[in-house]
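1. kindly generate the corresponding structure for this input.
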Amino acid sequence: MLLKGIFKDTSAFVQLLVLGFMIAAGFVATTVLSSILIAAKFGISPEVLQEVMQNLGSYPDLMREIQLLQVLVAFIFPAIICARLFSDNYKNYLQVDAPVSFPVMGLAVLSILVAIPLMNLTSQVNQQLVLPEYLKGLEEWMKAAEKNTGEMLEKMLYVRSARDLMLNILIICVLAGIGEEFIFRGVLQTIFGRMIRNPHVVIWIVAIIFSAIHLQFYGFVPRMLLGAYLGYLLYYTKNIWVPVLAHFTNNCFGVVCYSVFQDNPGQVETADLIGTGSTLWLSVVSLVLFLFLFRKIQLRSKAAESVDEL
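-> Numbers count the residues shown, from 1 in each chain. So this is what the prediction gives:
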């Protein structure tokens with residue numbers, strides 16, 4: 001690649017600007033490509049384009065296609081391009097070529113699963129947060145926006161065939177897991193690591209940005225905690241595929257559970273309440289098991305690192 005490593009010796013701030021530009025360009029490109037896609041399917045009439053965009057929830061296949069474009073063009077491609085611009089070895093920069101430890105991978109998957117009751121509890125607490133009275137208008141806007149986003153997501157998640165389920169898993173679990181981890185943990189965490197010496201501060205800053213960019217205030221806390229955990233997984237394992245797999249597991253659990261109970265919303269709500277109310281004790285067990293597994297990941301990663309140094 002002609003421009004490989006061209007920003008390697010620039011400041012972290014310049015690299016941050018380049019990353020921001022690449023992501024913004026990716027979203028603009030996604031909008032353009034989505035418009036072309038809609039025009040190809042429904043015609044180039046501005047009225048038709050406006051009607052489809054306003055009623056996107058009525059076209060679940062189109063939503064999946066647009067989501068696929070967004071993941072590829074606004075996340076995966078910018079991450080790989082930036083890694084090439086910021087280093088001579090993009091694989092090493094993104095930590096995609098590190099040795100795979102299958103026991104650590106298994107522990108990462110298990111830790112996400114045992115943390116579900118605890119995450120349900122943090123989600124319920126988050127949803128009880130109330131903004132001050134002078135921000136009432138903002139709170140109402142956020143609730144309306146999240147309701148609209150939730151309804152759109154439910155329509156995309158609703159499956160009518162095995163094909164729909166496989167597409168959801170591919171886009172929401174596999175590609176979104178790769179794209180978001182490459183951008184946030186692979187690139188952004190590396191850039192902030194050049195600016196701030198304390199790795200814990202870096203991990204939590206990136207986790208906050210990771211949660212904020214989803215624009216879902218009432219899911220901010222659990223998503224922030226997830227982002228921080230994914231950051232620590234990369235920090236300790238030095239392998240981007242560990243947080244990618246953990247991210248995949250988290251998303252896949254939600255996608256599959258929704259598809260199983262999609263015609264019984266009460267079951268979905270019941271599942272979301274596990275770890276709260278009368279089952280609060282499960283969150284305590286969840287926390288203990290999660291911390292135990294996280295510690296095992298730390299110890300195994302350190303042991304593997306010591307062996308590599310010999």
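2. tell me which element Ala83 is part of?
-> helix 77-86 (DSSP states H and E).
3. next helix or strand past that helix?
-> helix 90-94.
4. so what's the gap between that following helix and the chain middle?
-> 20 Å (C-alpha atoms, centre = their mean, to the nearest Å).
5. convert the C-alpha atoms of that helix to PDB, please.
-> Output of helix 90-94 as PDB, limited to C-alpha atoms (Å, rounded to 0.1, in the frame of the first residue of the first chain):
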ATOM      1  CA  TYR A  90      -1.500  -3.300  10.400                       C
ATOM      2  CA  LYS A  91      -1.900  -6.900  11.700                       C
ATOM      3  CA  ASN A  92       0.400  -6.300  14.600                       C
ATOM      4  CA  TYR A  93      -1.200  -2.900  15.200                       C
ATOM      5  CA  LEU A  94      -4.600  -4.400  15.500                       C
END
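6. can you give me the buried ones in it?
-> Applying a neighbour-count criterion of 16 or more other C-beta atoms under 10 Å, one finds 90, 93-94 buried in helix 90-94. To be clear about C-beta, it is placed using only N, CA and C from the backbone, and glycine gets the same treatment.
7. just name the lowest-scoring one in those, pLDDT-wise.
-> pLDDT across the buried residues of helix 90-94 is lowest for Tyr90, at 91.
8. which other helices and strands contact the helix holding Ala83?
-> When contacts are defined as 3 or more C-beta pairs under 8 Å, 6 or more residues apart in numbering; DSSP states H and E, helix 77-86 packs onto helix 12-42, helix 90-94.
9. name the next helix or strand downstream of the last one, please.
-> Reading on from helix 90-94 to the C-terminus, the next helix or strand found by DSSP H and E is helix 102-114.
10. send the alpha carbons of that next one over as PDB?
-> Output of helix 102-114 as PDB, limited to C-alpha atoms (Å, rounded to 0.1, in the frame of the first residue of the first chain):
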ATOM      1  CA  PHE A 102      -8.300 -21.700  23.200                       C
ATOM      2  CA  PRO A 103      -8.700 -22.000  27.000                       C
ATOM      3  CA  VAL A 104      -8.700 -18.200  27.300                       C
ATOM      4  CA  MET A 105     -11.200 -18.000  24.500                       C
ATOM      5  CA  GLY A 106     -13.400 -20.400  26.300                       C
ATOM      6  CA  LEU A 107     -13.100 -18.500  29.500                       C
ATOM      7  CA  ALA A 108     -14.000 -15.200  27.800                       C
ATOM      8  CA  VAL A 109     -17.200 -16.800  26.300                       C
ATOM      9  CA  LEU A 110     -18.200 -18.300  29.700                       C
ATOM     10  CA  SER A 111     -17.500 -15.000  31.500                       C
ATOM     11  CA  ILE A 112     -20.000 -13.200  29.200                       C
ATOM     12  CA  LEU A 113     -22.700 -15.800  29.700                       C
ATOM     13  CA  VAL A 114     -22.300 -15.900  33.600                       C
END
